[in-house]
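Enquirer: Provide a 3D model corresponding to the input given below.
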Amino acid sequence: MKIHEYQAKEIFKQYGINVPNSILCEKLEDIEKCVQSIGTPCVIKAQVYSGARGKSGGVKIAQNKENALKYASEILSMVLVSPQAGMKKVNKILIENAVDIQKELYMSFTFDRTNEAVTFIISEQGGMDIEETAVKNPEKIFKQVIYDTFYPMETIEKLGLSSDISEKTAKAAEALYKLVIEKDALLAEINPLVITKQNEIMALDAKLNFDDNALFRHEDILLMKDEKEENPLELQAQKLGLNYIKLDGTIGCMVNGAGLAMATMDIIKLAGKEAANFLDVGGGASSEKIENAFKLLISDKNLEAVFINIFGGILRCDFLAEGVKNAIANLKIECPVIVRMEGTNKEAGADILNNSGLKFTVVKDLNEAIEVIRKL
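Expert: Below you'll find the predicted structure:
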């Protein structure tokens, strides 16, 4: 689960991490009051679930009140186009004090799945071009895998900062690590973490992503979820208990099992098409769940066809076939539906679909499925 920058900064403050003074603004008519409250110079920042906001025009520095009002009005009404998250309507802006910056650093904690441990990452080259630094100057980025006790100073000393700044940076790192552990964060990122001209350490940006499976322990964080920032189809899927992720292709997928779903997306690619979604209906899907899955699939305006790829184990093929037949009859689906079933009662399942009077293409194997998809 993601949250906004302004929410992440509120959590940062709880852990003693310095952030600029700021105010959230959600209405055009409140902009002047908000700017007046913060004063100038100030920074106007779009609040959307996306990185690279600065490069997309979603972050601007205003030196005076006139520019602050202009920038705030422009950003609050804009559709931000980001290379990371596509198009995002800006519904909130953060107006915060500008800071005198001496140097920009980068700091984050994430999970290293290879080493099965939290990893601390820090660089002396923070800011908008951190991705470029990772490619062109990887030696400028330092990592520390945390297996037991976290000692940030041994990594921070590699940056060549003064002892005073190193100690303050280490204190911020310890606070951020504590947040990660206590709040079950999968990612905690500060970019940039700045050294001010007053020799203080301050988080100018804040990104926190949390483990969905741990949210039952954090009702306060769950309340921060902004449904306006979620894909509506993915949000609907969550409420229906389906594992669904919207993609950019035209072939809708219905699969049981995450590994099979990934393989199915590869199969569609081999056929020269792109998957419209990832959809795992699970091992024990009911007829109602299958119908709900179809409703999700056909809600996608880009849909060209549906490919059902099922391995019958817990979910028997004949049971699936009945659910699919009923769903298509009830929903009056007109796009082509290709079905490949393997496993328990696959012959019975194929008979149900072939004798349903509805338009299905039941294929024998994946090679045949590829040919059918290729000819669409």
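Enquirer: for this protein, where's the lowest mean pLDDT among helices and strands?
Expert: Between all helices and strands in the chain, the lowest mean by mean pLDDT, DSSP states H and E belongs to helix 130-136, at a mean of 74.
Enquirer: and for A206, nearest residue in space, chain neighbours not counted?
Expert: Excluding the flanking residues, the one nearest A206 by C-beta to C-beta, 6 or more residues apart in numbering is A8, at 3.6 Å. (C-beta placed from N, C-alpha, C; glycine too.)
Enquirer: buried ones in the longest helix seen in the chain?
Expert: Ranked by residue count and defined by DSSP state H, the top helix of the chain is helix 163-183. Within helix 163-183, the residues that count as buried by 16 or more other C-beta atoms under 10 Å are 165-166, 168-177, 179-180, 183.
Enquirer: equivalent analysis for stretch 353-363, please.
Expert: Those would be L353, S356, F360, T361, V362, V363, for stretch 353-363 by 16+ other C-beta under 10 Å.
Enquirer: and for that stretch, what's in contact with it?
Expert: Residues from elsewhere that reach stretch 353-363, judged by C-beta atoms under 8 Å, 6 or more residues apart in numbering: 321, 324-325, 328-329, 336-341, 350, 369, 372.
Enquirer: any idea which of the buried residues of stretch 353-363 the model trusts least?
Expert: In terms of pLDDT, the lowest of the buried residues of stretch 353-363 is F360, showing 82.
Enquirer: for that one, which non-adjacent residue is spatially closest?
Expert: L353 (4.7 Å).
Enquirer: likewise K228?
Expert: N91 (5.9 Å).
Enquirer: show me which of the buried residues of helix 163-183 is closest to N67.
Expert: Comparing these against N67 with C-beta to C-beta places A172 closest, at 31.0 Å.
Enquirer: ok, the closest one to Q236 distance?
Expert: 39 Å (C-beta to C-beta, to the nearest Å).
Enquirer: quick one, helices of the stretch 1-150 of the chain?
Expert: 5-14, 31-38, 65-76, 130-136 (DSSP state H, counting those that start in this stretch).
Enquirer: right, and those - which one's nearest E219?
Expert: If we rank the helices of the stretch 1-150 of the chain by C-beta to C-beta, the stretch that ends up nearest is helix 5-14, at 14.0 Å.
Enquirer: show me what that closest one is packed against.
Expert: strand 22-25, helix 163-183, strand 207-210 (3 or more C-beta pairs under 8 Å, 6 or more residues apart in numbering; DSSP states H and E).
Enquirer: which of those sits closest to R316?
Expert: Per C-beta to C-beta, nearest to R316 of these: strand 207-210, 36.8 Å.
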